[in-house]
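**Student:** predicted model and sequence below, questions to follow.
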Amino acid sequence: MDPIRNPFAPGAGTPPPELAGRDELRESLRVALERARIGRPAKSAMLVGLRGVGKTVLLDRVREDAEAAGIHTVRIEAPEGRSLPALLAPQLRQALLRLSQIEAAKEIAVRGLRALAGFASKLKVTFGDIEVGIDYAPEPGLADNGDLEHDLQALFEQVGLAAKSADTALAIFIDELQYVEEPQLAALITAMHRTEQRRLPVVLVGAGLPQLRGRMGNAKSYAERLFDFPTIGPLPPQAAGLAIEKPLRDESVRITPEALSQILQITQGYAYFLQQWGSHTWRAAKASPIDLDAVTAASVTAIAAMDESFFRVRFDRLTPKEKKYLRAMAELGEGPHRSGDIAACYAANVSSLAPTRSSLIAKGMVWSPNHGDTAFTVPMFDAFMKRTIPGNDWR
């Protein structure tokens with residue numbers, strides 16, 4: 001098989017050749033954005049799911065859909081260690097500058113830029129990482145109290161008014177939202193609540209690990225009424241099959257039912273894994289139709305590639321105590337597992353492991369589906385831990 005023609009795209013947020021199984025959610029978000037544009041109530045959404053399910057890809061596709069429909073968008077990724085104001089300020093500046101080019105919105109957009117100047121200058125004391133161009137002098141009393149929750153509301157109001165004047169909407173897309181600290185998350189939720197109360201066309205579409213739902217509820221109790229929280233999970237068998245078969249058909253290549261079934265079974269329908277196995281199977285195949293032998297050979301190289309990239313990049317961030325904790329989880333299986341069972345696995349005291357568990361949650365390695373339960377955020381990480389730390393010496 002010609003490696004240049006390999007249609008599959010394993011990568012961090014790389015768009016797959018066929019975005020299967022997500023049409024219903026894309027349509028619901030399209031409706032929400034269009035409702036916001038015409039001043040109707042529209043719920044923002046938080047896409048939650050494990051690593052490798054395709055949240056980032058879906059977030060970017062919804063953004064492309066919005067831009068194609070004439071809706072203004074900004075796109076942010078929230079890494080660990082950066083403040084939310086530092087991430088938002090430059091993107092909101094760009095949005096306001098674009099809106100200021102529309103005659104009907106110019107005056108209000110310029111006032112928004114004045115609000116942004118006050119916002120950045122006063123919060124610079126609290127959040128030293130804010131760096132944003134200042135296009136207009138601040139307007140005294142506008143988003144300049146130095147209190148994030150109050151000032152972000154005022155800033156979002158001005159952005160929303162500018163978008164309304166331009167007869168459009170602003171969609172804010174934020175990936176990895178679980179890394180935003182809770183007080184800043186609370187300010188973001190409050191600002192979105194204010195724009196909804198005023199029927200301003202601002203919609204937030206976030207994405208994060210499963211703990212995001214609980215963190216937002218902790219930050220503001222009304223978050224679950226303000227946002228929808230669609231769970232992004234593995235693709236069902238029909239959609240997962242389409243994600244493999246359609247790109248192959250486009251290259252005039254077929255795959256046998258047995259080979260396809262094997263890929264679906266190994267990958268469990270996880271979007272990123274489907275792309276990895278599709279890509280490695282293409283390389284291993286000698287001709288069309290792709291058969292079971294090609295999938296068997298591909299599994300060896302696909303697992304090796306996953307171990308050295310997808311899994312290893314997360315493993316290398318762990319302390320020895322954290323690695324031991326995850327190895328104990330892996331010993332128990334896929335999970336979720338009770339904290340007491342994990343501790344018993346290597347004769348540790350449950351309370352002594354609480355800081356390690358908290359650190360792993362903060363790093364996005366595990367989450368708590370229910371009180372006292374712990375589960376991996378990375379699918380198949382249990383098998384990786386057993387391959388990387390074999391035997392029983394780790395105990």
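**Tutor:** Looks like it came in fine. Numbers count the residues shown, from 1 in each chain.
**Student:** any weak-confidence spans in the stretch 251-395 of the chain?
**Tutor:** Along the stretch 251-395 of the chain, no part satisfies pLDDT under 70.
**Student:** quick one, strands of it?
**Tutor:** Listed in chain order, the strands of the stretch 251-395 of the chain (DSSP state E, counting those that start in this stretch) span 337-338, 366-367, 373-376.
**Student:** partner strands of the last one, with direction?
**Tutor:** Right, the one you point to is strand 373-376. Each strand paired with strand 373-376, and its direction, by DSSP bridges: strand 337-338 (antiparallel), strand 366-367 (antiparallel).
**Student:** looking at those, which is closest to Ser309?
**Tutor:** Within these, the stretch nearest Ser309 is strand 366-367; the backing value is 20.2 Å (C-beta to C-beta). All C-beta atoms are positioned from the backbone trio N, CA, C, and that covers glycine.
**Student:** so how far is that closest one off the chain centroid?
**Tutor:** How far strand 366-367 lies from its chain's middle: 15 Å, per C-alpha atoms, centre = their mean, to the nearest Å.
**Student:** list the contacts of it.
**Tutor:** Residues from elsewhere that reach strand 366-367 (C-beta atoms under 8 Å, 6 or more residues apart in numbering): Leu209, Pro210, Gln211, Leu326, Met329, Arg357, Leu360, Ile361, Thr374, Ala375, Phe376, Thr377.
**Student:** try 6 Å this time
**Tutor:** Pro210, Gln211, Leu360, Thr374, Ala375, Thr377 (C-beta atoms under 6 Å, 6 or more residues apart in numbering).
**Student:** top of those residues by neighbour count?
**Tutor:** Thr374 (25 neighbours; other C-beta atoms under 10 Å).
**Student:** rewinding a little: and the strands paired with strand 373-376, which is most packed in?
**Tutor:** Among the strands paired with strand 373-376, ranked by average contacts under mean count of other C-beta atoms under 10 Å, first place goes to strand 366-367 (a mean of 26).
**Student:** tell me where the stretch 51-200 of the chain has strands.
**Tutor:** Assigned by DSSP E, counting those that start in this stretch, the strands in the stretch 51-200 of the chain fall at 72-77, 170-175.
**Student:** pull the number of nearby residues for the residue lying closest to Lys164 once chain neighbours are set aside.
**Tutor:** Nearest non-adjacent residue to Lys164, counting by C-beta to C-beta, 6 or more residues apart in numbering: Pro201, 5.5 Å away. Look at Pro201: counted by other C-beta under 10 Å, it has 28 neighbours.
**Student:** ok now do Pro201, which residues does it touch?
**Tutor:** By C-beta under 6 Å, 6+ apart, the contact list for Pro201 reads Ala36, Arg37, Ala163, Lys164, Ala169.
**Student:** how about 7 Å then?
**Tutor:** Ala36, Arg37, Gly39, Gly160, Ala163, Lys164, Thr168, Ala169, Leu170 (C-beta atoms under 7 Å, 6 or more residues apart in numbering).
**Student:** from those, which is closest to Glu103?
**Tutor:** The nearest member of those to Glu103, counting by C-beta to C-beta, is Thr168 at 13.4 Å.
**Student:** pretty sure that closest one is touching Thr73, no?
**Tutor:** No - with contact defined as C-beta atoms under 7 Å, Thr168 does not count as touching Thr73 (10.2 Å).
**Student:** separation between the nearest residue to Met1 once chain neighbours are set aside and Thr190?
**Tutor:** Leaving out its chain neighbours, the residue that sits closest to Met1 by C-beta to C-beta, 6+ apart is Ala285, at 5.0 Å. As judged by C-beta to C-beta, to the nearest Å, Ala285 and Thr190 stand 54 Å apart.
**Student:** what of Leu353?
**Tutor:** Here Leu353 is placed at a distance of 35 Å from Thr190 (C-beta to C-beta).
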